Structure formats: structure tokens, C-alpha cells
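Enquirer: Fold the stuff below for me.
(one chain, ligands or ions: 2)
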Amino acid sequence: MGQTAVQAVNLPRPEPARPQRLTRRQALACGATGFATLATRSSASWFRDLFPFGASRDAPAEIFKGDAPDDTTWELWQRRGWVREAAHYLKHDRNVQCKVCPNNCLLAPGDRSHCRNKVNRDGVLYTMAYGNPCTFHIDPVEKKPLFHFLPGSRTFSLATSGCVFRCLNCQNWEISQKKPEETKSAAGAELRFRPPVPATLTADDMARLSLFPDDVAAVAVALRCPSVSYTYAEPTAFYEYTADSCRAVRDRGLKNIIVTCGSIEERALRELAPFVDAAHVDLKGFSDDIYWKLNSGRLQPILRTLEIYRELGVWFEIINLVVPGYTDDLDGIRRMCGWLVEHLGPDRPLHFSRFHPQHRLEHLPATPVQVLIEARAIARSAGLHYVYIGNVPGLAGAGDTLCPQCGRTIAMRDIYAVTRLELDDGRCRHCRTPIAGVWV
Ligand code: SF4
Ligand SMILES: [Zn+2]
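Expert: Ligands and ions are numbered 1, 2, ... in the order given. Purely as a prediction, here's the structure:
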């Protein structure tokens, strides 16, 4: 956490369309014409195509019925290059189903998706979040947070609107819970952001600015950032833009960082992962019930994402926001840490983060610091080697890395600044033990 988008632009906001939660019965009815198309196949096979991972049967997809943009807006956005045919979707006659995340949005023509970024236009699924970030910044990589990846480096960080979740505590709801037309405007002259980069941008510039994948890479090079981060909102919700940018960035010899809730379908993840150098994954709790209530998501897809990243050898770190009354149960934290050690090994960094009242949880108190200290003790006694506490400025040792072999402090951090680093070639300077991470 600690990821705040400070440059979200404010445009006139149209009245949001009323979302409709599709029941499974309605979803199936929506796909009825698709069923006719696939009539030669067994109904079980058709059902598996619609819900191949099972959990999607209970998907929380909110579909914004009839909320696709009007013809004038669509033409403007097309001309600007901000709409692309979506990746990973199924056609059922004129209905379409996105397969990028477990929400598996099923859209009739004219509908908008749960993440607000995708629409069914004449039987084709399009993303409207392409080449049109609503915010970008240069951040220290420690802000993601990633403590074991290119320490002290800067990362060019960007986001579009939209999210696959509905977290009650969202820090960046002003972009994550907006549709693209609420954060960007295709009216006026085109403005492409690319080198030489201007020193300043106005809110109006940001609203109409394009930043296409090749330009993302070129800008990061010009700004001397060794990596690009897809962050602030949820890169799964702007999957196509993320995937194309990752390829362009890799082509320029830079690295890609995904900051994600981890709720993504396996096929989409496996296609993206070869271009990902590091991921920060939110493990928001260890109870499916709490995931549903707090985030509108499910636990199992997140655990699967963590295991896939491990299997593929992508460096990743885990963050767990401790929210009073939701995820501060120490028994739950103990079970979570046990799972992490068993399934991911002891070297996976875990960041406990302090909750501060915001968005729909403004009535809650901040997490007591003592709870975070106890959570850290539980994680260490479970066997995790690298455990941190975030969002508590001034707490001694909160961001320190201890050598798991000799116990010496080998890295010290003051919020996002690395103040001491006693590593040589990724090894503890004192006892030469390799320290897990990507150091150069
Ligand atoms: S990425 Fe968006 S459109 Fe696709 S399934 Fe997830 S929420 Fe729905
Ligand atoms: Zn050591």
C-alpha cells in the first residue's frame, strides 16, 4: 500500500450508470444466443467454456447495463487510439465474456464491465483503457513497496482508471472506481507524451494526453528510470495496455513491475508473466468471507496467482493491510503466514501495512501499532525471513532487513529512502549468505 495517486485529474463527472448485479440465471440467459451457436456441443462443455475455473459461478460482476459510450464519444476515442479490441474473451453470438479476471464479465451489446474499462460494441469486446493513463509519477521502488528489487532505484509509474475490486478501504478510489471517460477527455487537440518530456503538465494536458506503449518505454528511458510500474489502480483492469507496454519496455532493456490485487485468470497471467520482472501482490486477508466483504473478491484466485508467480520464477513481494475488525485477527494472520512458508518458502518478503481511515471505512480507527508488531512476531516465528511494517513513520526497525543467517541488520530504510545497504553481489556483507531478491 502507500500508493497514492496524487495527479488524478478532475473532469466533469457524468452521472454513473446504475450497475446491475447479474445473477447466474440472468448471466446464462444473456448467453442464451451463444448457447444456440454452440448447440452442437454438450451443455456441460458450453458451461465449462463460460466458467472454466468454477469459482466464476459466484463472480461478483457488476454489469453497467447500456452504459457503453454514445457514437460521438466512441468515434473520438477511436480516433485518439484509446480503444482496442480486448484480449482473452469469448463470443457468444453478440454477447461477449471477458476472461482476464475471475469476474468473467458477460456483456450484451451496449454494456460496460465491472471494472468499467470494457464495453461490448456490436458484439466485440473493447477496452477503453489503452494509451490513456490518468496519472503517472516517478516513485522510489520502495514505495510500491518492493524492498528486495533494485533498491534505491526510481520507477516510472502509471495507471488508468478502473479496478476489478471494490475495496471498502481503497486509497485511490478517485481513479480506481471511475470509468475512463471520467478521468480522460478525447475532445480537443491530440497531445502525445514522449521525449523530450515537458517539465510540467496541466490538468487539462493530463486529461487529453496519450501515452502509448512505445512512448512509455521511451519516456522511462528519458527519465532515467530502470523500470516501469503499472500501479495505483489495478493493471489487470488495463490488461491490454499493460501487456503491450511491458513488451515495449522489455525491448528497451528496462524492467516491468506489476502492483496488483492478484485477481487474474491463469491464462492471462501466464501470458503476461514472462514480461514481468517484479510483482507486488496484495494478499488482503486469509478468509474468503472477509475477501468478499472487504474487497468483493475471492481468496483462492490470489493464492493461485502467488503460486504461479513462484512457479515462473518472477520476483514478488506480498503486502497485507491489517484492517481493524476485518483482517486483524491474529489467528488468521498465523494461518496466512503458515501458508506462505509452506507454499512459497521462507524467503518471500511480507509487508504488514497499517490501515488509516479512508473511503468507506472512515469510521474505523487506524490499526494499533502493537497489532502490527505482534503480526510481525507471528510471521517471524512461522519462519518468514523478511517481514516489514509499513505506514508507521518513525517505528524503529520497521523497514530493516535482517540477515537470516547472522542476524545483522543489512538494510535500513527511512520510509522510502534506503539509508544503509550492506550487501555485496546480493550477499550479506558480514557472513556472505545470499539474500533473496533482485539486486542489480
Ligand atoms: S478485467 Fe474487467 S471486464 Fe474483464 S472480467 Fe475483469 S472486471 Fe470484467
Ligand atoms: Zn549475514
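Enquirer: which residues are contacting stretch 244-260?
Expert: 3, 130, 141, 144, 146, 149-150, 155, 213-214, 216-218, 220-221, 225-232, 234-236, 242, 272, 275-282, 305 (Cβ atoms under 8 Å, 6 or more residues apart in numbering). The way it works is simple: take the backbone N, C-alpha and C, and place the C-beta from them, glycine included.
Enquirer: Could you export that stretch as CSV, CA atoms only?
Expert: Taking Å, rounded to 0.1, in the frame of the first residue of the first chain, the C-alpha atoms of stretch 244-260 are listed here in CSV:
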residue,chain,number,x,y,z
ASP,A,244,1.8,-4.1,-24.7
SER,A,245,3.7,-1.7,-22.6
CYS,A,246,5.6,-4.5,-20.8
ARG,A,247,6.7,-5.8,-24.2
ALA,A,248,7.9,-2.3,-25.4
VAL,A,249,9.6,-1.7,-22.1
ARG,A,250,11.4,-5.0,-22.2
ASP,A,251,12.5,-4.3,-25.8
ARG,A,252,14.3,-1.2,-24.5
GLY,A,253,16.1,-3.2,-21.8
LEU,A,254,14.1,-1.9,-18.9
LYS,A,255,12.2,-3.8,-16.2
ASN,A,256,8.5,-4.1,-15.5
ILE,A,257,6.8,-4.0,-12.1
ILE,A,258,3.2,-5.1,-11.6
VAL,A,259,1.4,-3.8,-8.5
THR,A,260,-1.7,-5.9,-8.3
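Enquirer: Pull up the gap between the residue in the stretch 51-200 of the chain that ligand 2 sits nearest to and Pro434, please.
Expert: At 15.0 Å from ligand 2, His148 is the closest residue in the stretch 51-200 of the chain, using Cβ to the ion. According to Cβ to Cβ, to the nearest Å, His148 stands 12 Å off from Pro434.
Enquirer: These two: which is more packed in?
Expert: His148 (22 against 14; other Cβ atoms under 10 Å).
Enquirer: Give me the neighbour count for Glu342.
Expert: 11.
Enquirer: can you pull out the strands in the stretch 151-300 of the chain?
Expert: Counting by DSSP state E, counting those that start in this stretch, the segments of the stretch 151-300 of the chain that form strands are 154-159, 191-192, 209-210, 227-230, 255-260, 278-282.
Enquirer: Need the residue closest to the centroid of the chain.
Expert: Thr260 (2.4 Å; Cα atoms, centre = their mean).
Enquirer: For the stretch 301-440 of the chain, which residue gets nearest to ligand 1?
Expert: Pro301 (11.0 Å; Cβ to the nearest ligand atom).
Enquirer: how much space between that residue and Asn103?
Expert: 10 Å.
Enquirer: got any residues that touch both of the two?
Expert: Ser263.
Enquirer: Looking at the two, which is more packed in?
Expert: Between Pro301 and Asn103, counting by other Cβ under 10 Å, Asn103 is the more crowded of the two (26 against 22).
Enquirer: Which secondary structure state is assigned to the more buried one?
Expert: Secondary structure state of Asn103, per DSSP: H, G, I helix; E, B strand; the rest coil, is coil.
Enquirer: Tyr386 is in contact with His351, correct?
Expert: No - at 9.1 Å, His351 does not count as touching Tyr386 under the criterion of Cβ atoms under 8 Å.
Enquirer: residues shared between the contacts of the two?
Expert: Phe147.
Enquirer: hmm, back to that, filter the contacts of stretch 244-260 down to the buried ones and hand me the ChimeraX line.
Expert: Only the buried members of the contacts of stretch 244-260 enter the following ChimeraX selection, criterion being 16 or more other Cβ atoms under 10 Å:
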select :3,130,141,144,146,149,150,155,213,214,216,217,218,220,221,225,226,227,228,229,230,231,232,234,235,236,242,272,275,276,277,278,279,280,281,282,305
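Enquirer: So which of the contacts of stretch 244-260 reach ligand 1?
Expert: Thr236 (Cβ under 6 Å from any ligand atom).
Enquirer: Show only the entries of the contacts of stretch 244-260 found in helices.
Expert: 213-214, 216-218, 220-221, 242, 272, 305 (DSSP state H).
Enquirer: need the residues you listed in CSV with distance to Arg360 and pLDDT, can you?
Expert: Output for the ones in helices among the contacts of stretch 244-260, formatted as CSV (distance: Cβ to Cβ, whole Å; pLDDT from 0 to 100):
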residue, distance to Arg360, pLDDT
Pro213, 34, 98
Asp214, 39, 98
Val216, 32, 98
Ala217, 37, 98
Ala218, 39, 98
Ala220, 34, 98
Val221, 40, 98
Thr242, 27, 98
Leu272, 30, 98
Thr305, 25, 98
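Enquirer: If you tally nearby residues, what's the number for the residue lying closest to Glu142 once chain neighbours are set aside?
Expert: Excluding the flanking residues, the one nearest Glu142 by Cβ to Cβ, 6 or more residues apart in numbering is Tyr416, at 4.3 Å. Neighbour count for Tyr416, taken as other Cβ under 10 Å: 16.
Enquirer: buried stuff in stretch 62-74?
Expert: Buried-residue list, stretch 62-74, by 16+ other Cβ under 10 Å: 62-65, 67-69, 74.
Enquirer: quick one: secondary structure of the spatially closest residue to Ala186 that is not a sequence neighbour?
Expert: Nearest residue to Ala186, sequence neighbours excluded (Cβ to Cβ, 6+ apart): Leu76, at 4.0 Å. Put simply, Leu76 is helix when judged by three-state DSSP.
Enquirer: Ligand 2 contacts on this protein?
Expert: Contact residues, the chain versus ligand 2 (Cβ under 5 Å from the ion): 403, 405-406, 428, 430-431, 433.
Enquirer: try it again with 8 Å
Expert: 403-408, 410, 428-433 (Cβ under 8 Å from the ion).
Enquirer: As JSON lines, these with secondary structure and pLDDT would be great.
Expert: Listed next are the residues of the chain next to ligand 2 as JSON lines, based on DSSP: H, G, I helix; E, B strand; the rest coil; pLDDT from 0 to 100:
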{"residue": "Cys403", "secondary structure": "coil", "pLDDT": "98"}
{"residue": "Pro404", "secondary structure": "coil", "pLDDT": "98"}
{"residue": "Gln405", "secondary structure": "coil", "pLDDT": "98"}
{"residue": "Cys406", "secondary structure": "coil", "pLDDT": "98"}
{"residue": "Gly407", "secondary structure": "coil", "pLDDT": "97"}
{"residue": "Arg408", "secondary structure": "coil", "pLDDT": "98"}
{"residue": "Ile410", "secondary structure": "strand", "pLDDT": "97"}
{"residue": "Cys428", "secondary structure": "strand", "pLDDT": "98"}
{"residue": "Arg429", "secondary structure": "coil", "pLDDT": "98"}
{"residue": "His430", "secondary structure": "coil", "pLDDT": "98"}
{"residue": "Cys431", "secondary structure": "coil", "pLDDT": "98"}
{"residue": "Arg432", "secondary structure": "coil", "pLDDT": "98"}
{"residue": "Thr433", "secondary structure": "coil", "pLDDT": "98"}
